[in-house]
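Trainee: Sequence first, then the predicted structure:
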Amino acid sequence: MRKGISPIVAVVLLIAIAVIAAVGLYFWVGGLATKQPTPNTPGTITAICSGATNSHNGTLMVSNTGTTALSGSLTVTGGTYTTSCDSSCNSLAAGASCVCSSTMAAGDSGTVYGASTASAEYNC
């Protein structure tokens with residue numbers, strides 16, 4: 001007569017090993033696939049001048065492409081006209097846009113500065 005474990009004990013041990021391996025794999029893969037936090041980027045200014053020709057003034061559109069709001073007002077330097085952004089551009093929220101000026105002439109170029117360190121160049 002042979003000695004060894006019974007078939008029922010062998011099946012129970014195999015199932016237990018398979019369950020333990022599956023749980024371990026689940027936690028190992030779950031740890032690799034966790035979502036990493038999105039870094040908080042400061043307010044980022046994008047300035048686009050459109051519609052400026054020799055006979056028509058263009059529009060300077062300013063956008064905040066960062067993930068945090070731009071605090072304070074925006075200042076525009078350069079260009080033919082003295083330009084300041086209206087109050088809709090103050091504290092520009094992340095992802096928001098505003099019209100900074102509608103008096104940009106063809107050939108104007110300069111920089112839009114935020115109250116923070118954000119700035120953007122523009123060319124009409």
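Mentor: All right, it came through fine.
Trainee: Would you mind measuring from the residue lying closest to Thr75 once chain neighbours are set aside to Thr46?
Mentor: Leaving out its chain neighbours, the residue that sits closest to Thr75 by C-beta to C-beta, 6 or more residues apart in numbering is Tyr113, at 4.7 Å. The way it works is simple: take the backbone N, C-alpha and C, and place the C-beta from them, glycine included. The spacing between Tyr113 and Thr46, counted by C-beta to C-beta, to the nearest Å, is 13 Å.
Trainee: Leu32 now?
Mentor: Applying C-beta to C-beta to Leu32 and Thr46 gives a distance of 35 Å.
Trainee: hmm, back to that, now for the residue nearest to Thr75, how many residues are close by?
Mentor: Using other C-beta atoms under 10 Å, Tyr113 has 17 other residues around it.
Trainee: how about Gly95, what does it touch?
Mentor: If you count contacts by C-beta atoms under 8 Å, 6 or more residues apart in numbering, Gly95 has them with Ser63, Asn64, Thr65.
Trainee: wait, isn't Cys100 in contact with Ile45?
Mentor: No - the pair Cys100 / Ile45 is not scored as a contact, 9.7 Å apart, by C-beta atoms under 8 Å.
Trainee: what is in contact with these two at once?
Mentor: In contact with both Cys100 and Ile45: Val62, Leu74, Val112, using C-beta under 8 Å, 6+ apart.
Trainee: Could you count how many residues lie near Ile48?
Mentor: Using other C-beta under 10 Å, Ile48 is surrounded by 15 other residues.
Trainee: for the closest residue in space to it that isn't next to it in sequence, helix, strand, or coil?
Mentor: Nearest residue to Ile48, sequence neighbours excluded (C-beta to C-beta, 6+ apart): Met61, at 5.0 Å. Using DSSP: H, G, I helix; E, B strand; the rest coil, the secondary structure recorded for Met61 is strand.
Trainee: Check the one 10 residues further on too.
Mentor: Assigned with three-state DSSP, Ser71 falls in the coil class.
Trainee: can you pull the pLDDT of it?
Mentor: Looking at Ser71, its pLDDT reads 71.
Trainee: circling back to that earlier point, for the residue nearest to Thr75, name its beta-bridge partners.
Mentor: Thr75, Ser119 (DSSP bridges).
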